[in-house]
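Chemist: output the structure for:
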Amino acid sequence: MKQKLFFTILIVTFALSGISHYAGFGPIIEFIFSAIAILFVAGFLGKATESVAHYAGQRLGGFLNATFGNAAELIIAIFLVREGLFDMVKASLTGAIIGNLLLVLGLSVLLGGLKFKEQRFNIQLAGHNASLMILAVIGLFIPAIFVTSEHFTKEQDEFLSLTVAGILIVAYILWLVFSMITHKDVLAEMEETSADHGEEPAWSKGLSITFLVVATAMTALVSEWLVGTLHTFTTDFGLSELFVGAFVIAIVGNAAEHSAAVMLAMKNKIGAAVEIAVGSSLQIALFVAPVLIFISALSGNTMDILFTPIELAAIGVSVFIAKSISKDGTTNWYEGALLLMVYIILGFAFYLV
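Modeler: Model (predicted):
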């Protein structure tokens with residue numbers, strides 16, 4: 001019954017979004033319908049991914065969850081790159097990183113902690129994640145400092161951006177090799193993050209793959225419709241591209257991670273919730289952002305990897321508190337509240353820009 005209701009709402013919201021786009025209802029109406037639609041489309045993508053991951057095995061399943069969980073953000077960002085809205089792209093990437101580390105992880109830890117006094121997860125994996133998060137901050141921080149202080153030319157800026165992007169992608173690929181192949185046994189105790197969590201998949205293998213393809217296509221369509229309305233939306237409501245990219249787009253694009261991580265934490269599967277939240281942030285910083293640099297270069301207009309001081313500060317404080325809270329391998333509801341407080345502080349600061 002719940003599944004039937006979900007599919008009904010999914011189809012209705014997707015249809016309304018498409019009708020408002022092609023019938024010319026106006027950018028504001030189209031934005032509202034598209035934002036609502038992408039919430040359910042992202043949820044559908046999350047359900048399909050989880051079902052496919054059940055058949056793929058633990059480590060590959062976790063990778064699929066992270067990859068397709070970030071599909072909405074990646075697709076939205078690609079359309080933004082095509083439109084040349086580089087500032088909004090960087091803001092949305094910033095929002096995705098801090099949204100996963102503060103909002104998704106914060107809600108998971110808070111709600112899971114209210115149900116279970118203390119929750120534990122793999123402390124060794126937490127340490128590796130912390131090191132990777134620091135690497136991501138370094139990769140974003142160094143270009144910003146050197147390019148601005150040394151007044152690099154446009155050619156030097158592009159060369160450094162492409163070089164750093166390539167190194168970050170290599171670092172992410174090496175992490176996949178480390179966690180899935182060479183040190184797979186070391187991380188084997190993270191069985192609670194397996195795709196199925198001891199539950200039966202929602203659909204058969206064939207239907208799961210079909211739904212995954214359909215959900216990805218739906219995400220691409222709604223993302224394109226949503227991006228087309230952003231300029232009018234920001235202008236009419238007097239909002240900065242930084243706020244819209246870092247919070248509005250990021251919250252909408254993170255819908256799949258929001259629901260999945262919180263539900264797992266409330267089932268006392270905090271390790272899985274942490275892997276979704278932190279793993280998604282790492283994939284955004286080490287893979288999605290660098291890939292967008294190369295995509296923009298192929299289009300003839302290279303987007304640099306220079307984030308603003310505001311964006312770097314937001315990412316830096318998010319990584320700092322997330323690392324501080326996760327380093328001991330245990331969580332409680334108060335730590336979740338602290339993460340959410342930092343997110344609210346950043347939200348008000350970004351809104352006033």
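
Chemist: with just CA atoms, put stretch 125-141 into CSV.
Modeler: Extracted C-alpha coordinates of stretch 125-141, given in CSV (Å, rounded to 0.1, in the frame of the first residue of the first chain):
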residue,chain,number,x,y,z
LEU,A,125,37.0,3.4,8.7
ALA,A,126,36.3,6.7,10.5
GLY,A,127,40.0,7.4,10.6
HIS,A,128,40.4,6.8,6.9
ASN,A,129,37.4,8.9,6.1
ALA,A,130,38.8,11.8,8.2
SER,A,131,42.2,11.7,6.3
LEU,A,132,40.4,11.7,3.0
MET,A,133,38.2,14.7,4.1
ILE,A,134,41.4,16.6,5.1
LEU,A,135,42.9,15.8,1.7
ALA,A,136,39.8,17.2,0.0
VAL,A,137,40.1,20.4,2.0
ILE,A,138,43.8,20.7,1.0
GLY,A,139,42.9,20.1,-2.6
LEU,A,140,40.4,23.0,-2.6
PHE,A,141,42.4,25.3,-0.3
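
Chemist: so what's residue 29 up against?
Modeler: Residue 29 sits next to residue 20 when contact means CB atoms under 8 Å, 6 or more residues apart in numbering. Every C-beta, even on glycine, is put in place using the N, C-alpha and C of the backbone.

Chemist: let's see it at 10 Å
Modeler: Contacts for residue 29 (CB atoms under 10 Å, 6 or more residues apart in numbering) come out as 16, 20-21, 23, 229.

Chemist: ok, so of those, who is nearest residue 5?
Modeler: Proximity of the contacts of residue 29 to residue 5 (CB to CB) peaks at residue 16, which lies at 16.5 Å.

Chemist: hang on, the earlier thing: PyMOL command for the buried members of the contacts of residue 29?
Modeler: A single PyMOL command selects the buried members of the contacts of residue 29 (16 or more other CB atoms under 10 Å):
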select buried, resi 16+20+21+229
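
Chemist: check pLDDT for the contacts of residue 29 and point me to the minimum.
Modeler: The member of the contacts of residue 29 with the lowest pLDDT is residue 229, at 83.

Chemist: measure it to residue 83 for me?
Modeler: 12 Å (CB to CB, to the nearest Å).

Chemist: where do the strands sit along the stretch 101-250 of the chain?
Modeler: With DSSP state E, counting those that start in this stretch, the ranges of strands along the stretch 101-250 of the chain come out as 119-120.

Chemist: now the helices for it?
Modeler: Applying DSSP state H, counting those that start in this stretch to the stretch 101-250 of the chain gives helices spanning 105-115, 123-150, 154-177, 205-227, 230-237, 241-243, 250-253.

Chemist: for residue 268, which three-state class applies?
Modeler: coil (DSSP: H, G, I helix; E, B strand; the rest coil).

Chemist: is it true that residue 28 touches residue 237?
Modeler: Yes - contact criterion CB atoms under 10 Å: residue 28 and residue 237 qualify, at 8.8 Å.
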